[in-house]
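**Q** I would like the atomic coordinates for the input below:
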Amino acid sequence: MGFTAPVPEAARPATIHSTATQRRIILDRRNRRLLVLDGERELRRFPVAVGRPGWETPVGQFEVIQLAANPVWEHPATGVRVPPGPSNPLGSRWIGFYRDCRGRSGFNGRDHLVVQGCVTAGFHGTPQRDSIGRAVSHGCVRLFDEDVRELFELVQLGTPVTVLP
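**A** Numbers count the residues shown, from 1 in each chain. The predicted structure follows:
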């Protein structure tokens, strides 16, 4: 299992997940594509980047657990914080769907990274536009920033998320 540990500073207030909508997210890791469905109708399709080997995006059934506009990113190992803005690795939106508090350790392609405590994975924007379509993250799902802004408006807390291998 792979993931990253962004720490958005402020999350949007909780909303009640409407049973009237059947909106859900399907992430196809292999094809690096994210679908937003309402029932069986496809609303949107986005290209994405996913977790690199050894830090794969978690597979399974999840739900949106956190929403944050203009998040602050905290480096998972050093604690250095990056404020909202063009150099923030999360872009302008964070949509968390996975949380694990067992910690994580592994090679990130450059360094051995040790994360103590809780780690999260989610959908977020990225200033690294050339990463979209590749397996390069620490488990998060990167989107073009304009796409994650649109996705942010299409989901709410409790929206089901299915991550396929």
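**Q** Pull the number of nearby residues for Ser131.
**A** Residue neighbour count, defined by other Cβ atoms under 10 Å, stands at 15 for Ser131. Just so you know, the C-beta spots here come from the backbone N, C-alpha and C atoms, and that holds for glycine as well.
**Q** what about the protein, any weak spots by pLDDT?
**A** Screening the chain residue by residue with the criterion pLDDT under 70, one finds the ranges 1-21, 76-77, 103-117.
**Q** for it, what spans make up the helices?
**A** Under the criterion DSSP state H, the chain contains helices at 145-154.
**Q** what about Val141, how many neighbours?
**A** Taking other Cβ under 10 Å as the criterion, the count of residues near Val141 is 29.
**Q** For it, give me its contacts.
**A** Listed by Cβ atoms under 8 Å, 6 or more residues apart in numbering, the contact partners of Val141 are Leu27, Leu34, Val48, Ala49, Val50, Thr57, Ala121, Gly122, Phe123, His124.
**Q** isn't Cys101 right next to Cys118, touching?
**A** Yes - judged on Cβ atoms under 8 Å, Cys101 makes contact with Cys118 at a distance of 4.2 Å.
**Q** neighbour count winner among the two?
**A** Counting neighbours by other Cβ under 10 Å for Cys101 and for Cys118 shows that Cys118 has the greater number, 15 against 9.
**Q** JSON lines for the contacts of Val141, including distance to Leu164 and neighbour count?
**A** Below are those laid out as JSON lines (distance: Cβ to Cβ, whole Å; neighbours: other Cβ atoms under 10 Å):
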{"residue": "Leu27", "distance to Leu164": "7", "neighbour count": "23"}
{"residue": "Leu34", "distance to Leu164": "11", "neighbour count": "24"}
{"residue": "Val48", "distance to Leu164": "12", "neighbour count": "27"}
{"residue": "Ala49", "distance to Leu164": "16", "neighbour count": "23"}
{"residue": "Val50", "distance to Leu164": "11", "neighbour count": "28"}
{"residue": "Thr57", "distance to Leu164": "10", "neighbour count": "27"}
{"residue": "Ala121", "distance to Leu164": "15", "neighbour count": "30"}
{"residue": "Gly122", "distance to Leu164": "17", "neighbour count": "29"}
{"residue": "Phe123", "distance to Leu164": "15", "neighbour count": "27"}
{"residue": "His124", "distance to Leu164": "19", "neighbour count": "29"}
